[in-house]
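Enquirer: pasting a predicted model and its sequence here:
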Amino acid sequence: MERPQKAPIVLAAGLFILAAVAEISTGRSRSLQDDGGERARVAALAGVDEALAHGDAAAALQAWQRAYEAGRLNHGWRGLVEAADAGVRIESEARGTAGPRARWVYLAALDRARGAIRGGDHAGGRRLFAARRS
């Protein structure tokens, strides 16, 4: 009677664990509530680009505000970076409208990314948002 080899089973289990960790760390596993916020953020970013295509800076700023809020409510950093990118696009079309705030949003995203790398709870991001509101 031959002895079953355990190496393929152990290797498959190890790969499964690595895939699960990668899925969790990249934020691909989201709740349904996050999907609604994600859809709102993507729609708002599309609204920014559409308003800029029509030359409507005021509508672009309103859509950018919605994109920023959706990114802020999400606990990740990618939404904030995309909102800041949209702010830079608005600033390139209408000088003096979004540049300073876009820089601040980039800093908040950087702070959230640092917290994610350290495994923190985004306390630094909350401090930045609290300072901005006061």
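Expert: That came in fine, so what should we check first?

Enquirer: for the longest helix seen in the chain, which positions count as buried?
Expert: For the chain, the longest helix by residue count, based on DSSP state H, is helix 32-53. Within helix 32-53, the residues that count as buried by 16 or more other CB atoms under 10 Å are 37, 38, 40, 41, 44, 45, 47, 48, 51, 52. Just so you know, the C-beta spots here come from the backbone N, C-alpha and C atoms, and that holds for glycine as well.

Enquirer: pull the most distant pair out of those.
Expert: Between any two of the buried residues of helix 32-53, the greatest separation by CB to CB is 22.9 Å, found for 37 and 52.

Enquirer: just want the angle from the helix or strand where residue 60 lies to helix 32-53.
Expert: For residue 60, the host element (DSSP states H and E) is helix 57-73. Helix 57-73 runs at 160 degrees relative to helix 32-53, counting by axes from the mean of the first three to the mean of the last three CA atoms, to 10 degrees.

Enquirer: any weak-confidence spans in this protein?
Expert: Within the chain, the segments meeting pLDDT under 70 span 1-4, 7-8, 10-16, 20-34, 119-134.

Enquirer: switch to 50 and redo it
Expert: Per-residue confidence for the chain (pLDDT under 50) gives these ranges: 29, 32, 134.

Enquirer: which helices and strands does the helix holding residue 60 pack with?
Expert: The contact analysis (3 or more CB pairs under 8 Å, 6 or more residues apart in numbering; DSSP states H and E) places helix 57-73 against helix 32-53, helix 78-93, helix 99-118.

Enquirer: tell me which other helices or strands the last one touches.
Expert: Using 3+ CB pairs under 8 Å, 6+ apart as the contact criterion, the elements in contact with helix 99-118 are helix 57-73, helix 78-93, helix 123-133.

Enquirer: now with 6 Å?
Expert: helix 78-93, helix 123-133 (3 or more CB pairs under 6 Å, 6 or more residues apart in numbering; DSSP states H and E).
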